[in-house]
Structures are given as C-alpha cells and as structure tokens.
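Engineer: whatever this is, show me its structure:
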Amino acid sequence: MRGLSLILFLSSLLCYATAEASRCSINELPLVRNISELPQDNFGRGGLSHITLAGSILHGMKEVEVWLQTFSPGAHTPIHRHSCEEVFIVLKGSGTLYLASGSPSKYPGKPQEFCVFTNSTFHIPVNDAHQVWNTNEHEDLQALVIISRPPVKVFIYEDWSMPHTAAKLKFPYYWDEQCLQSPPKDEL
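Structural biologist: Got it, this is the predicted structure:
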C-alpha cells in the first residue's frame, strides 16, 4: 500500500511539474493539453484575451500557428498587415472585419466592411491591411485564428491613410517576446 501511495505521489508531482514547466520549453509540454490551463494574457491591450494553442515559438510548429482570441465588447485589433495568411473561425459573438484588399496604392485606403458572426469564417490574404472589431455591445467575440509561416511579423498602421512605408514593424509580436531566442530566417 505504501508503494502505491509513493507511485501516486510521484505521478502527481510529475504532472504538476509538467503543467508548471517553463512557458517557453517545448520539450516538457504534453502532447494533449487542456485549453483552460494554458497561459492567457491581454499583452497590455484592454479587452483582449489571447491564448497560443499551438505556436512556432511555444510549441515548435513550423508551418502554422493557432490562437484562441476573445475580444470584449468594443475591443479590436490595431489596423495591421503581415506576410502570412490568416484564417478566422468565429466561435461566438459578432463583429466587423475591415479589410483593405491588396491594392497597388501606397497606403491601405478605405477598407471594405464585412459582418462576422458565430460559425462564420474568413481569411486574410498575405499583406492585406485589416482590423477586427467586436461591435457587439453585449457579447464577447471569440475566434480560433490560424496563421501560416509563423512567427508573425506585424506592420501596424495609425489609420487607413498611413503609407505602407510608415507602418511600424512589431517583431517579435507581443505573445512571442518572452520566448523568441533569435530571429528566424526570413524566407520572403
């Protein structure tokens, strides 16, 4: 009986150590993880909850990265673009996608507006400036977000008339800052 107690104690200690493993250590992460136990943060952006479910920096992913993002009413992304494709699957809530599709002009220009809603999906082409807003006053907007070619390099605009050349590069992006050891090779 004492041996069984010791085994159970050591097993629980191992599980605890694995769960508390360094946020940046991919070697100690279990293959199957409980989303509610993964670290989430707003990274100084009020109204945002971000969880990296499968990431290049955190989990060693090479081709895609998956996030769970929740925007409280009125919360939004900055106007931005990036050199990767992005797919959103809206799990709950509703909002507005603003998208300035690739144009030959020197700035994003007036964006198109698209309503997004529970069970809708949309994709953002490479380098198209866009912004997602939770325009619903009563409910969070929650989306599963998949990007290609991580880690993401983001160019942020102050407004839709800001020249592309003046957009500010943010790399590593907020959720990769703690773990990125050296800049990855740019394959563009």
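Engineer: now do the most centrally placed residue in the chain, the pLDDT please.
Structural biologist: In the chain, the residue lying closest to the centroid (Cα atoms, centre = their mean) is Trp67, at 4.3 Å. Looking at Trp67, its pLDDT reads 95.
Engineer: and what of Pro151?
Structural biologist: pLDDT, read off for Pro151, is 89.
Engineer: so what's it up against?
Structural biologist: Pro151 is in contact with Gly55, Ser56, Ile57, Glu65, Phe171, Pro172, Tyr173, Asp176, Leu180, Pro184, counting by Cβ atoms under 8 Å, 6 or more residues apart in numbering. Every C-beta, even on glycine, is put in place using the N, C-alpha and C of the backbone.
Engineer: which ones among those are found in strands?
Structural biologist: Residues of those located in strands (DSSP state E): Glu65.
Engineer: low-confidence ranges in the chain?
Structural biologist: The chain contains residues with pLDDT under 70 at 1-28, 103-104, 181-188.
Engineer: could you redo the last one with a cut-off of 90?
Structural biologist: Scanning the chain for pLDDT under 90 picks out 1-33, 37-39, 43-45, 54-62, 101-105, 151-152, 171-188.
Engineer: where do the strands sit along it?
Structural biologist: Using DSSP E, the strands of the chain run over residues 48-54, 64-71, 79-82, 86-92, 94-100, 112-117, 121-124, 129-133, 141-148, 154-157, 168-170.
Engineer: can I get the ones you listed in JSON lines with distance to Leu38?
Structural biologist: Formatted as JSON lines, the strands of the chain follow (distance: least, Cβ to Cβ, whole Å):
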{"stretch": "strand 48-54", "distance to Leu38": "5"}
{"stretch": "strand 64-71", "distance to Leu38": "8"}
{"stretch": "strand 79-82", "distance to Leu38": "23"}
{"stretch": "strand 86-92", "distance to Leu38": "16"}
{"stretch": "strand 94-100", "distance to Leu38": "23"}
{"stretch": "strand 112-117", "distance to Leu38": "24"}
{"stretch": "strand 121-124", "distance to Leu38": "23"}
{"stretch": "strand 129-133", "distance to Leu38": "21"}
{"stretch": "strand 141-148", "distance to Leu38": "13"}
{"stretch": "strand 154-157", "distance to Leu38": "22"}
{"stretch": "strand 168-170", "distance to Leu38": "23"}
